[in-house]
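**Student:** Mind looking at a prediction? Sequence and model below.
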Amino acid sequence: MSVPARLSFVTLGVADVGRSTAFYESLGWTRSSASVASTTFFNLQGPVLSLFGRDDLAADAGVDAAGGGFRGVTVAINVSSRAEVDDVYAEWLQAGASAVRSPSAADWGGYTAYVADPDGHLWEIAHNPYFELRADGVVRAPA
């Protein structure tokens, strides 16, 4: 057996599912009809994003919900140009995200910015000229 090379869901543990749902909807994202009071789902170009109460998510995984600090994980949205990084960054801030790193040239040759959602989850907004960004929004690393 081999493990499938795919990412199906990204689940963010949040303090208030309703508040976080409203935040992501303010970005223009559409909530799935499968959403319930305790969990919201958004179909993205690729995996499904789910918002789940932080305590409930910790209980589901069997870990302590009190964990905090940087976990070494970010979620990223790749876009087609530097100008689009600037535009998307501004939209996130207008929706209520916190600025973490303003759009700037990255030392690896791309252009990137970071924002944090209302629960502090880090999102990178990036233009990477070295990876294919397909018309359907899927990013492909070189073979």
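**Tutor:** Cool, got the structure.
**Student:** tell me the domain ranges of the protein?
**Tutor:** 1-62, 73-143 (automatic domain parsing).
**Student:** Using JSON lines, please lay out the ones you listed together with mean pLDDT and mean neighbour count.
**Tutor:** Glycine gets a C-beta too; all of them are placed from N, C-alpha and C. Formatted as JSON lines, these follow (pLDDT from 0 to 100; neighbours: other CB atoms under 10 Å):
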{"stretch": "domain 1-62", "mean pLDDT": "91", "mean neighbour count": "14"}
{"stretch": "domain 73-143", "mean pLDDT": "93", "mean neighbour count": "15"}
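**Student:** what comes into contact with the lengthiest helix in the chain?
**Tutor:** In the chain, with assignment by DSSP state H, the single longest helix is helix 82-95. Applying CB atoms under 8 Å, 6 or more residues apart in numbering, the external contacts of helix 82-95 come out as 23, 26-27, 77, 79, 99, 102-103, 111-113, 115, 123, 125-127.
**Student:** Out of those residues, which sit inside helices?
**Tutor:** Using DSSP H, the contacts of helix 82-95 in helices are 23, 26.
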